[in-house]
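Asks: The amino acid sequence is not available; the structure is as follows:
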């Protein structure tokens with residue numbers, strides 16, 4: 001989900017490898033993430049375009065383009081949000097069916113309206129679902145996509161194992177996720193922007209400033225790059241590779257079953 005922006009350095013990072021939650025109160029990360037996205041859902045698409053200057057749409061196009069040679073017919077979009085990636089997949093691929101799952105009912109409702117407006121309801125179906133306990137049989141989907149969602153899993157490895165389970169043998173997973181740029185001074189500028197400016201904007205637009213603090217911290221804590229490739233291998237994926245985008249602000253991870 002694109003609003004989960006937040007770029008920073010990794011040196012002496014005290015929250016790296018720790019569970020980061022949107023709110024301070026008691027409750028699982030999964031429940032808090034669902035609450036957060038339900039709260040910001042009405043502002044989500046607008047802020048995505050505004051805060052990323054529209055670059056997030058380019059990233060999605062590039063991610064889906066990597067599936068063209070595979071010619072999948074049935075695709076699962078995990079953490080689908082308002083269905084932007086699912087819609088992009090239908091635009092580029094000759095798909096017969098797309099299923100999108102998410103734990104935020106408010107995000108899904110917005111996604112369904114967008115799908116209906118584009119007359120895609122016969123192809124794309126959205127359903128409430130837990131990414132760490134997918135309600136599908138083994139070997140169901142030809143391909144699987146996730147855009148800015150794996151960082152929100154409460155148990156990352158469990159979510160990836162579930163994704164691997166529902167893929168058909170030879171199927172490909174395309175995971176789009178924010179990463180941390182390393183080029184000076186680009187790294188420092190983004191660190192400042194997403195730690196200080198983005199929460200300020202979010203406070204007056206989405207009415208949920210705590211959510212935007214989480215946006216920054218979640219990227220800080222996410223094991224990007226080689227670390228994430230190693231986790232993909234450990235959870236059963238093979239031929240794994242990483243494609244950095246926009247000086248490392250974002251990365252596409254590819255894995256096969």
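Replies: Perfect, I can see it now. Treat the numbers as computed from the prediction; the structure is a model and nothing was measured.

Asks: looking at this structure, which helix or strand is least sure?
Replies: helix 198-205 (a mean of 72; mean pLDDT, DSSP states H and E).

Asks: which element follows that helix toward the C-terminus?
Replies: Per DSSP states H and E, the first helix or strand lying C-terminal to helix 198-205 is helix 209-221.

Asks: quick check: mean pLDDT across that next one?
Replies: Averaging pLDDT along helix 209-221 yields 82.

Asks: do the same with stretch 55-67
Replies: Taken as a whole, stretch 55-67 has an average pLDDT of 97.

Asks: Also stretch 117-128?
Replies: Stretch 117-128 shows a mean pLDDT of 98.

Asks: How about stretch 177-190?
Replies: pLDDT averaged over stretch 177-190 gives 86.

Asks: Do me a favour and get the end-to-end distance for it?
Replies: 16 Å (Cα to Cα, to the nearest Å).

Asks: just stretch 117-133 next, same as before
Replies: End-to-end for stretch 117-133, by Cα to Cα: 30 Å.

Asks: same thing with stretch 113-132?
Replies: 26 Å.

Asks: and the gap between the residue most central in space within the chain and residue 44?
Replies: The central residue of the chain, meaning the one whose C-alpha is nearest the mean C-alpha position (Cα atoms, centre = their mean), is residue 148 at 1.8 Å. Using Cβ to Cβ, to the nearest Å, we find residue 148 at a distance of 11 Å from residue 44. Quick note: C-beta positions are derived from backbone N, CA and C, even for glycine.

Asks: again, but for residue 29
Replies: Relative to residue 44, and taking Cβ to Cβ, residue 29 is found at 19 Å.

Asks: neighbour count winner among those two?
Replies: residue 44 (22 against 18; other Cβ atoms under 10 Å).

Asks: ok so, going back, now the residue nearest to the centre of the chain: how far from residue 215?
Replies: Taking Cβ to Cβ, one finds residue 148 at 10 Å from residue 215.

Asks: give me the low-pLDDT residue ranges for this structure?
Replies: For the chain, the stretches with pLDDT under 70 are 1-18, 51, 206-207.

Asks: Let's see that with 90 instead.
Replies: Applying pLDDT under 90 to the chain picks out residues 1-19, 22-27, 43-44, 46-54, 180-217, 219-220, 249.

Asks: Can you give the distance of the longest strand along the chain from its chain's centre?
Replies: In the chain, assigned by DSSP state E, the strand with the most residues is strand 167-178. In this view, strand 167-178 has its centroid 12 Å away from the chain centroid, taken as Cα atoms, centre = their mean, to the nearest Å.
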